[in-house]
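Student: have a look; sequence and predicted model below, questions after that.
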Amino acid sequence: MLKARKEALENALRQRLVGIREQELQYYTNTARNIGNQAAVISGLAYSGIRYHYLLERQHNYQQSMGDSLAECLFLSLLSVTLGCSLQTIFVSMLVALLGPQLALRGPDGSLRDAVEGMHQWNSVIIALFMTSLILLQLSAFSLMCVRDTRGCDT
């Protein structure tokens, strides 16, 4: 009787632990998806900045005789690196959101714990990439102010 009660308690504990792991799996999946969506917005902003510079060069009141300044090259370089970082964030977050739950569902015994631990580690990478792209976007905005100040643009 005592052994049966002990096994029942252990089984209930395992079921609660699996429930907690499932909640962690949902949390990390949702976090990866949300950060991926925000990284897509940042990559769109970076592309818009590159496109804005391209259109700005073709305006009549834009001073093309000055040539490319260092601030202008820095602006375009920062936007390009921002675009690359944010696209990498989208790719990694997509893989984590797709492959983590797949490992938990289709893997061998104990794979739920492995999937949650792996998603925890990869979410740290996703957050680092996202923050890097966000900081680079802010730096490119500051360099745009320098470009507009040195070029004397009206728009």
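Tutor: Thanks, I have it.
Student: next helix or strand past the helix or strand harbouring residue 22?
Tutor: Residue 22 belongs to helix 2-57 when assigned by DSSP states H and E. Next helix or strand after helix 2-57 toward the C-terminus (DSSP H and E): helix 70-106.
Student: follow-up on the earlier one: let me see the mean pLDDT of the helix holding residue 22.
Tutor: In this model, helix 2-57 carries a mean pLDDT of 90.
Student: in contact with residue 134, which residues?
Tutor: residue 42 (CB atoms under 8 Å, 6 or more residues apart in numbering). C-beta here means a position set from N, CA and C on the backbone, and glycine is covered the same way.
Student: give me that answer again for 10 Å
Tutor: Applying CB atoms under 10 Å, 6 or more residues apart in numbering to residue 134 gives the contacts 38, 39, 42, 82, 85, 86, 89.
Student: now, which of these sits nearest residue 111?
Tutor: residue 89 (25.7 Å; CB to CB).
Student: hmm, the closest one is touching residue 34, no?
Tutor: No: taking CB atoms under 10 Å as the definition, residue 89 is not a contact partner of residue 34, at 11.6 Å.
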